[in-house]
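S.K.: Model the structure of this input:
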Amino acid sequence: QLQEKDLAEAAAIARAGEGVVHGATCTEKKSVFQAHVAPAVAVEDVRAVVAALMQNRKVQAATHNIMAYRISQPGGVWVQDFDDDGESAAGGRLLHLLQMTNAVNVVVVVSRWYGGVKLGPDRFKLINNTARTLLEATGYIKPKGGGRRA
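M.R.: Predicted coordinates for the structure are as follows:
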């Protein structure tokens, strides 16, 4: 029997999953990248979005799911963090993208399915460009810098 807390958590994950926008895939030297973006106004939203994404078998099977979020709180306080998921330094660079573009109240996850060919530093450009494209398309950032979604 599910506890009330478990039911509430399951409902939050389901709601979060409905708010996720999935970007187009980008392929480079057999590696495939795909960004996923969702609104987040609390860390609990971030957890629910990630949990919802992990229910998708394709996303779950990705070699890396690099995540960053940036949330504005009253009084000019920012709640922000990242997870590399084994792709060293990628999460920090993704968070830096959110900071430099002033993206607000958003979580972005970039899934990478490794294709067997090492990409070197180019992987960071691919990860960030995949994220940037979807962040622009969803209105979280303005094309060519600046701006934010309220």
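S.K.: can you map out the strands along this protein?
M.R.: 21-28, 31-39, 64-73, 77-83, 106-113 (DSSP state E).
S.K.: Which residues are in contact with residue 67?
M.R.: By C-beta atoms under 8 Å, 6 or more residues apart in numbering, the contact list for residue 67 reads 46, 50, 82-83, 85, 91, 94, 107-110. Heads up, the C-betas are built off the backbone N, CA and C, glycines and all.
S.K.: how about those in TSV, adding distance to residue 29?
M.R.: Converted to TSV, the contacts of residue 67 look like this (distance: C-beta to C-beta, whole Å):
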residue	distance to residue 29
46	31
50	27
82	25
83	24
85	20
91	22
94	20
107	28
108	23
109	22
110	16
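S.K.: Identify the residues contacting stretch 116-128?
M.R.: 26, 28-31, 33, 66, 87, 89-90, 93-94, 97, 110, 112.
S.K.: Closest to residue 133 out of those residues?
M.R.: Proximity of those to residue 133 was ranked by C-beta to C-beta; the top entry is residue 26 with 8.2 Å.
S.K.: so what's that closest one up against?
M.R.: 32-34, 126, 129-130.
S.K.: Most neighbours out of those, which is it?
M.R.: Of all the contacts of residue 26, the most densely surrounded is residue 130 (26 neighbours; neighbours counted as other C-beta atoms under 10 Å).
S.K.: Quick check: the gap between that one and residue 120.
M.R.: Per C-beta to C-beta, to the nearest Å, residue 130 is found 17 Å from residue 120.
S.K.: likewise residue 36?
M.R.: Taken as C-beta to C-beta, the span from residue 36 to residue 120 is 24 Å.
S.K.: Which one of these two is surrounded by more residues?
M.R.: Using other C-beta under 10 Å, the more surrounded residue of residue 36 and residue 120 is residue 36, with 24 against 7.
S.K.: ok, that one - contacts?
M.R.: Residue 36 is in contact with 20-23, 49, 53, 59, 108-111, 134, counting by C-beta under 8 Å, 6+ apart.
S.K.: Thank you kindly, that will do.
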